[in-house]
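Participant: Sequence and predicted model, in that order:
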Amino acid sequence: MIKKVVSFLGNVKLGVAYLIALAILSVLGSTYIKQGETYITYYKEYGEIPAKIIWITWLNNVFHAWYYQLLIVLVAIAVIFSTIERFPAIYKSAYGKVEKKLPEGALKKPSTIHITYDFELKKTLDYIVNVIHRLGFRKVEAIKENENTVYLYAEKGKISRLGMLVTHVGIIVFLIGAFMGSVLGVRGQIEIPEGESADYIRKYREGSLVPGDETYKLPFTILLKKFSLEFYDSKEFAGAVKSYKSDVDIIKNGKVIKSGIIEVNKPMEVEGHRIFQTSYGKTGEIKEAKLLVFKYDELLDFMNKGMMINQKLASETDENKKKEYEKQLRDLDRQWIDFINKAPKLEYSYRNPTIKFNDFSLKVKNTTLNYKNPMLAQQDVYDPLIVAGVDFNGKNFDIPITRDPFVAIPAYDRFSKPFNFPYVILIDSFEPRYFSGLQVSYFPGTDLIWLGTVVVVLGTMLAFYTVHRRVWVKIEKREDNKTDVYLAFYSQKFKESFHEKIKEELGLNRNV
């Protein structure tokens, strides 16, 4: 009964059937059926009945389906039991006890070579030993029967009989790795703003590259120290992004265990996890900004001058006076540049939100790249705004900071003037704050898959590039002082070619 069970489980035909089923499912999941999509997607693309079949049979998540994992197990079982059933006999035939003297029954076989030499026994023995060495056998054993008879035995390539075992072990290791990846593998992504950290990822919906709601906690924390963009220098692609990368620290138990740069196609390996650079975007916040500080009265006076000249220009009909007003506006523009250059400058960074200046201090509470329509910031359309808390003369209040003085003046009247705050602050320049999109994959069976692949290749090389061969020789002295030589051989494969090679080395072109 045990033999029948082992024979059934190790049935080669069943194993081939399992492999064919695995191959069909793998092709369906990787080529023809999108994985991890919604039922509506399949309904629109394939129709109602195919969509139901895909959904009910888990073909939308084939690589993690129970039957896919079961097939992997069944293939492994088939390989294991076929090895149990067949390898002992193979091993015994190669490494078991062997009769090293040429059996008398082999003398009459058609494949046994018979040659008669005019040499004496000693000279014939040396010649045949030399022939066997030329055939690739390193060691030749001599068994002396008596003064007139000597037997020779040589063997090589026994290790080739282990090729099947090594190959099967490699397949099993490979399948274990594939099963671990199917059951325990995780892949997902996280978007980390510059300067912040995360210790989790949002897992992709099974079989897709779309994040779902399920999270996976990482055994370490990823700190994004800096995100940077590189742009093309050429005029043709001016402003286009050439590459982007993340400078990160990997932190575990409060200590940095690894630091490095993650770029597209240059992932980072951390404790079996591979971290890829996949995307980026603006957070909608201001990363850094330069601020200008003006006295309210001075700024208001300057703006009133410009408004008065523009009003006069708009209502004037005399061309000479229009030219005069236009000249005054150009002079005022030059004065505005000097006015800005002389204004005190403050520097804001999201890393250090507190700014001190003379008799007041600011603490930035919130920033936005476009307070009118935040979505436009992703299209590089900006109306930046900073909301800061002010500490002035023991009073605390909030003020908005923009780059448009025509917005800043009315805002001052509402937010700053009630506290007798004498300054108007404007945004001179700024940089957007970015987030980095990182993909993290963890497949604990990957190393086993690689190891299994190497072992399978090694087993295949043993099986196909080495051959188990044996040679038996009987050298017998005749009464007429001639010597009879009988040579029999065994070759695991390529028997005919080995036979021809023996005859070639002996100088024969036919059996004698």
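Facilitator: The structure has been received and is ready for your questions.

Participant: hey, C-alpha coordinates of the biggest strand by length in the chain in CSV?
Facilitator: Identified as the longest strand of the chain according to DSSP state E is strand 273-295. Output in CSV follows, covering the C-alpha atoms of strand 273-295 (Å, rounded to 0.1, in the frame of the first residue of the first chain):
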residue,chain,number,x,y,z
HIS,A,273,12.9,44.7,1.8
ARG,A,274,13.5,46.5,-1.5
ILE,A,275,12.7,50.2,-1.6
PHE,A,276,12.1,51.7,-5.1
GLN,A,277,11.7,55.3,-6.2
THR,A,278,8.4,55.4,-8.1
SER,A,279,6.8,58.9,-8.0
TYR,A,280,6.9,62.3,-6.5
GLY,A,281,4.6,65.4,-6.2
LYS,A,282,4.0,68.6,-4.4
THR,A,283,2.6,68.5,-0.9
GLY,A,284,0.9,71.8,-1.5
GLU,A,285,3.1,73.5,1.2
ILE,A,286,6.0,75.9,1.0
LYS,A,287,9.3,74.3,1.7
GLU,A,288,11.4,77.5,2.0
ALA,A,289,10.7,81.2,1.5
LYS,A,290,12.4,84.6,1.6
LEU,A,291,10.3,87.3,3.2
LEU,A,292,10.5,91.0,3.0
VAL,A,293,9.6,93.3,5.9
PHE,A,294,8.2,96.8,5.2
LYS,A,295,7.0,99.6,7.4
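
Participant: Please enumerate the strands of the stretch 1-150 of the chain.
Facilitator: Secondary structure of the stretch 1-150 of the chain (DSSP state E, counting those that start in this stretch): strands at 113-117, 140-146, 149-156.

Participant: circling back to that earlier point, can you give the contact residues for the helix or strand just after the longest strand of the chain?
Facilitator: Sequence-wise, the next helix or strand downstream of strand 273-295 (DSSP states H and E) is helix 296-315. Here helix 296-315 makes contact (CB atoms under 8 Å, 6 or more residues apart in numbering) with 322, 325-326, 328-329, 332, 335-336, 339, 405-406, 408-409, 412, 416-417, 422-424. (Each C-beta comes from the backbone N, C-alpha and C, glycine too.)

Participant: Please repeat the previous calculation with a cut-off of 7 Å.
Facilitator: 322, 325-326, 328-329, 332, 339, 405, 409, 412, 422-424 (CB atoms under 7 Å, 6 or more residues apart in numbering).

Participant: now stretch 151-161
Facilitator: Applying CB under 7 Å, 6+ apart, the set of residues contacting stretch 151-161 is 90-91, 94-95, 100-102, 128-129, 132, 136-143, 145, 462-463, 466-474, 492.

Participant: Check which residues of the longest strand of the chain are buried.
Facilitator: 273, 275-278, 280, 282-287, 289, 291-294 (16 or more other CB atoms under 10 Å).

Participant: Can you give me the pLDDT of the residue positioned nearest the centre of the chain?
Facilitator: Nearest to the geometric centre of the chain sits residue 274, at 6.1 Å (CA atoms, centre = their mean). On pLDDT, residue 274 comes in at 90.

Participant: which one of the strands of the stretch 1-150 of the chain lies closest to residue 13?
Facilitator: strand 149-156 (33.9 Å; CB to CB).

Participant: For the closest one, buried residues please.
Facilitator: 150, 151, 152, 153, 154, 155, 156.

Participant: Relative to residue 480, tell me which of the strands of the stretch 1-150 of the chain wins on proximity.
Facilitator: So among the strands of the stretch 1-150 of the chain, strand 113-117 is nearest, using CB to CB, at 9.8 Å.

Participant: State the paired neighbours of the closest one in the sheet, together with their directions.
Facilitator: Sheet pairing of strand 113-117 (DSSP bridges) gives strand 483-491 (antiparallel).

Participant: Going by neighbour count, which residues of the partner strand are buried?
Facilitator: 483, 484, 485, 486, 487, 488, 489, 491.

Participant: low pLDDT regions in this structure?
Facilitator: Scanning the chain for pLDDT under 70 picks out 1-10, 36, 206-210, 238-239, 509-512.

Participant: Now with 50, please.
Facilitator: By pLDDT under 50, the weakly predicted segments of the chain are 510-512.

Participant: which residues of it fall in helices?
Facilitator: For the chain, applying DSSP state H gives helices covering 2-9, 12-27, 39-46, 48-56, 66-95, 121-134, 163-184, 296-315, 319-342, 405-415, 446-465, 495-506.

Participant: counting contacts, what elements does the third one pack onto?
Facilitator: When contacts are defined as 3 or more CB pairs under 7 Å, 6 or more residues apart in numbering; DSSP states H and E, helix 39-46 sits against helix 48-56.

Participant: and for the helix it packs on, what are the contacting residues?
Facilitator: Against helix 48-56 from outside (CB under 7 Å, 6+ apart): 33, 39, 42, 43, 46, 60.

Participant: What sits closest to residue 175 if chain neighbours are left out?
Facilitator: In space, and not counting its chain neighbours, residue 175 is closest to residue 76: 4.4 Å by CB to CB, 6 or more residues apart in numbering.

Participant: Count residues in the vicinity of that neighbour, would you?
Facilitator: Other residues near residue 76 come to 21 when the count uses other CB atoms under 10 Å.

Participant: What's the local residue count around the nearest residue in space to residue 71 that is not next to it in sequence?
Facilitator: Among residues not flanking residue 71 along the chain, residue 22 sits closest, at 5.0 Å (CB to CB, 6+ apart). Around residue 22 there are 17 other residues, counting by other CB under 10 Å.

Participant: From residue 50, how far off is residue 22?
Facilitator: 22 Å (CB to CB, to the nearest Å).

Participant: Residue 213 too?
Facilitator: 27 Å.

Participant: ok, those two, which is more surrounded?
Facilitator: More neighbours surround residue 50 than the other of residue 213 and residue 50, with 14 against 7 (other CB under 10 Å).

Participant: that older thread, check the buried residues of strand 149-156 and tell me the two furthest apart.
Facilitator: Most distant of the buried residues of strand 149-156, by CB to CB, are 150 and 156, 20.5 Å apart.

Participant: Tell me what angle the longest strand of the chain forms with helix 405-415.
Facilitator: 80 degrees (axes from the mean of the first three to the mean of the last three CA atoms, to 10 degrees).

Participant: Turn the buried residues of strand 483-491 into JSON lines, including distance to residue 431.
Facilitator: Shown next, in JSON lines, are these (distance: CB to CB, whole Å):
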{"residue": "483", "distance to residue 431": "97"}
{"residue": "484", "distance to residue 431": "98"}
{"residue": "485", "distance to residue 431": "92"}
{"residue": "486", "distance to residue 431": "92"}
{"residue": "487", "distance to residue 431": "87"}
{"residue": "488", "distance to residue 431": "87"}
{"residue": "489", "distance to residue 431": "82"}
{"residue": "491", "distance to residue 431": "76"}
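
Participant: ok, so of these, who is nearest residue 268?
Facilitator: Looking across the buried residues of strand 483-491 and measuring by CB to CB, the closest to residue 268 is residue 491, at 52.7 Å.
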